[in-house]
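Colleague: Sequence and predicted model, in that order:
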Amino acid sequence: MTSSTPRALTIAGSDVSGGAGLEADLAMFEEYGVFGAAAITCIVTFGTGEAAGTDGEGEDGSGDSAGGFAHDIAFLDTGLVAKQLESALAIHRFDAIKSGMLGSVDTALMLSRRLRDNRLPYVFDPVLVCKGAGTMVDLKDLFVEHLVPQATVITPNLAEAALLAGAESLTSVEEMVEAAKAIHAQGAGTVVVKGGARLGGAQAVDVVWDGTTLTTLSSQKVNDELVNGAGCSFASSIAAGLATGRSVLDAVVSAKERVAHGIAASVPNATGVNSLNHAAWRVAPTPAVEVRVA
């Protein structure tokens, strides 16, 4: 089976808003010319007021219950997730795998076993923190033992990086660097700690540590608002970059640039938390967006 078309697989939740989760992942794969497939771990739906179930947030932990909306997350049985994963791996020969919200110990362990069997480039978005739904601390130790060591690239936000590194919080670039080094020591290939809108200052700063070289990426913040799908799309953009043959650093820089454009041209919706515009870098680029690499 041969093909010139790169392929990537996402294991993530489905966010019916279209802003985050596997919907965001597949949209970003498409922007790179990568054929995408998905295994669904959960389904995120929305309700208003008391009619809503769990008051959570987007699949990548970047959403909110603004506008009176709340998120309800229904997790699929691990056996069904495994069947999806097995089917996808039997049908396609993938060039990269990305995972987002896993949700349960059993599903995370199942994925870990399958990753060991395949040895594909793996981008791990370690969804540990959901602001509205609380902290899924039960997965932290499992992630550190089973998934972090298999990650070609891991992309924690500030809260996730603090949990994985055993820090109380991360409030500066220096603390982000220390957390990146601690997570790399757990076995990850390259660690990208994302400052995003939560890090104070006029610049959106990410730090990249591969065990040898420290790289800092920065771009002017277009606003201080959280945008649904930013974390998912960042990780899936890296996976798509790797699938097309980019180096890790090139894939990370490209991801930051495309997500920054997507944030600047984000799509309003009734929840009050805008959705990332995945095609913005191509169809509606923002002149102020410039990624500096140091």
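Modeller: Great, that's in hand.

Colleague: low-scoring pLDDT stretches of the protein, where are they?
Modeller: For the chain, the stretches with pLDDT under 70 are 1-3, 48-68, 129-137.

Colleague: hmm, try it at 80
Modeller: 1-3, 47-71, 129-138, 223-224 (pLDDT under 80).

Colleague: so what does the host helix or strand of residue 81 touch, helix or strand wise?
Modeller: Element membership for residue 81, per DSSP states H and E: helix 78-91. On a contact count with 3 or more C-beta pairs under 8 Å, 6 or more residues apart in numbering; DSSP states H and E, helix 78-91 meets strand 7-15, strand 35-48, helix 105-118. The C-beta positions use only the backbone N, C-alpha and C, and glycine is treated the same way.

Colleague: Report the next helix or strand after the shortest one in sequence order.
Modeller: Downstream of strand 7-15, the first helix or strand assigned by DSSP H and E is helix 21-31.

Colleague: okay, the angle between that following helix and strand 7-15?
Modeller: Here helix 21-31 points in a direction 150 degrees away from that of strand 7-15 (axes from the mean of the first three to the mean of the last three C-alpha atoms, to 10 degrees).

Colleague: Single out the most deeply packed of the helices and strands packed on helix 78-91.
Modeller: strand 7-15 (a mean of 27; mean count of other C-beta atoms under 10 Å).

Colleague: now that strand against strand 35-48, angle please.
Modeller: Using the same axes, to 10 degrees: strand 7-15 against strand 35-48 is 10 degrees.

Colleague: Send me strand 7-15 as CSV with only the CA atoms.
Modeller: Provided in CSV are the C-alpha atoms of strand 7-15 (Å, rounded to 0.1, in the frame of the first residue of the first chain):
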residue,chain,number,x,y,z
ARG,A,7,-2.1,10.7,6.7
ALA,A,8,-2.6,11.5,10.3
LEU,A,9,-4.9,10.0,13.0
THR,A,10,-6.4,11.9,15.9
ILE,A,11,-7.8,10.2,19.1
ALA,A,12,-9.9,12.9,20.7
GLY,A,13,-13.4,14.1,21.7
SER,A,14,-16.0,15.4,19.3
ASP,A,15,-17.0,19.0,20.0
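
Colleague: rewinding a little: tell me which of the helices and strands packed on helix 78-91 sits nearest to residue 203.
Modeller: strand 7-15 (28.1 Å; C-beta to C-beta).

Colleague: now the strands: where do they sit in this structure?
Modeller: 7-15, 35-48, 69-75, 96-99, 122-124, 129-130, 134-135, 153-154, 190-194, 203-209, 214-220, 292-293 (DSSP state E).

Colleague: Would you reformat those strands as CSV and include distance to residue 111?
Modeller: Below are these laid out as CSV (distance: least, C-beta to C-beta, whole Å):
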stretch, distance to residue 111
strand 7-15, 6
strand 35-48, 9
strand 69-75, 14
strand 96-99, 6
strand 122-124, 9
strand 129-130, 19
strand 134-135, 20
strand 153-154, 14
strand 190-194, 19
strand 203-209, 24
strand 214-220, 28
strand 292-293, 32
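
Colleague: so which of those gets nearest residue 231?
Modeller: Closest among the strands of the chain, using C-beta to C-beta: strand 190-194, at 7.0 Å.

Colleague: dump the residue contacts of residue 219.
Modeller: Contacts of residue 219 were listed using C-beta atoms under 8 Å, 6 or more residues apart in numbering, and they are 203-204, 256-257, 260, 289-292.
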